[in-house]
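*Asks:* Need the 3D shape of this:
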Amino acid sequence: MNAIIVDDHPLARIAIRNLLETNGITVTAELDSGDGVVQAVEKIKPELLIVDVDIPGISGIEVLEQLRKRHYAGVIIIISAKNEIFYGKRSAEYGANGFVSKKEGMNNILAAIDAANNGYSYFPFSLEHFTGTSITEQDKLDALSAQEMKVLRYILSGIDYSTIASKMNISNKTVSTYKSRLMEKLNCSSLMELYDYAQRNKIG
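*Replies:* Numbers count the residues shown, from 1 in each chain. Okay, the predicted model is just below:
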C-alpha cells in the first residue's frame with residue numbers, strides 16, 4: 001500500500017511514517033494542514049490516508065467528508081488525541097474506515113488498517129458510555145447536527161460570523177441560528193460557558 005499522512009505535529013508524522021514503513025507501507029506524502037489534502041489525494045491516488053482531526057485549515061473530519069463526497073474509495077483512518085467517543089462517532093458517520101485515539105498508542109493504527117483491508121471498520125468505543133438513562137455532556141454533544149458542529153468549531157477558533165458564513169456558504173443569520181441552537185442544546189448561556197464546555201470535553 002502507499003499512504004499520505006496528514007498531521008501538524010512533526011513528531012507524530014515521524015512516528016506514523018516509521019510504523020507504516022516498518023510494516024511495508026510506502027509513505028508518498030506528508031501534509032501539515034487540511035488545505036490541499038483533497039488535491040494531493042486526487043494527484044497521488046494513495047490507497048491509505050491517515051488524518052489527524054485537529055489540523056490547521058479544514059479539520060480532519062471535513063477532509064474526510066470532502067473525500068467521500070468525491071467518491072475517494074481508499075482507506076481513511078482518523079486519529080486524534082481529543083474526545084474519542086465524539087470524534088469517533090463523527091468519523092464513522094462521514095465514512096472513515098477506522099478511528100484511533102493517540103492516547104491509546106499509535107500501534108492501533110495497524111490494527112485499524114488490517115481491519116479495513118479485511119472489510120471491517122475499527123471504532124473501539126467504550127460501550128458503557130451508551131448505557132443508563134442520565135443525559136451526560138457527551139450525549140448533548142452527540143445531539144448536535146453536523147452543521148451545528150462546524151459552527152461550534154469555527155466559534156471556538158475565534159472566527160467571526162461573516163467569515164463562518166462565507167466558509168459554509170450560508171447567511172450570517174443562519175450562522176446565528178445555528179449558534180443559538182447549539183447553545184441551547186448544550187445548555188450554555190454565554191460564550192464563556194461554551195468555551196468551558198468545550199475545554200471539559202476536549203472539543204475544538
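*Asks:* domain assignment for the protein?
*Replies:* Using automatic domain parsing, the domain parsing of the chain gives 2-128, 137-200.
*Asks:* list the contacts for the nearest residue to residue 8 once chain neighbours are set aside?
*Replies:* In space, residue 8 comes closest to residue 32 once its chain neighbours are excluded; the distance is 4.6 Å by C-beta to C-beta, 6 or more residues apart in numbering. (Each C-beta comes from the backbone N, C-alpha and C, glycine too.) Applying C-beta atoms under 8 Å, 6 or more residues apart in numbering to residue 32 gives the contacts 6-8, 10, 13, 55-56.
*Asks:* residue boundaries of the helices in this protein?
*Replies:* 10-22, 37-44, 60-69, 84-93, 108-117, 137-142, 146-156, 161-168, 172-185, 191-200 (DSSP state H).
*Asks:* Quick one, which of these gets closest to residue 28.
*Replies:* helix 37-44 (5.4 Å; C-beta to C-beta).
*Asks:* Can you name every helix or strand that that closest one contacts?
*Replies:* For helix 37-44, the contact count by 3 or more C-beta pairs under 8 Å, 6 or more residues apart in numbering; DSSP states H and E identifies strand 2-6, strand 26-31, strand 48-52, helix 60-69 as packing neighbours.
*Asks:* rewinding a little: out of the contacts of residue 32, the closest to residue 83 would be?
*Replies:* The closest of these, once distances to residue 83 are taken by C-beta to C-beta, is residue 55, at 15.9 Å.
*Asks:* would you turn the helices of the chain into JSON lines with distance to residue 28 and mean neighbour count?
*Replies:* As requested, those are exported to JSON lines (distance: least, C-beta to C-beta, whole Å; neighbours: other C-beta atoms under 10 Å):
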{"stretch": "helix 10-22", "distance to residue 28": "11", "mean neighbour count": "15"}
{"stretch": "helix 37-44", "distance to residue 28": "5", "mean neighbour count": "15"}
{"stretch": "helix 60-69", "distance to residue 28": "16", "mean neighbour count": "21"}
{"stretch": "helix 84-93", "distance to residue 28": "23", "mean neighbour count": "21"}
{"stretch": "helix 108-117", "distance to residue 28": "16", "mean neighbour count": "18"}
{"stretch": "helix 137-142", "distance to residue 28": "35", "mean neighbour count": "16"}
{"stretch": "helix 146-156", "distance to residue 28": "29", "mean neighbour count": "20"}
{"stretch": "helix 161-168", "distance to residue 28": "29", "mean neighbour count": "15"}
{"stretch": "helix 172-185", "distance to residue 28": "38", "mean neighbour count": "16"}
{"stretch": "helix 191-200", "distance to residue 28": "35", "mean neighbour count": "14"}
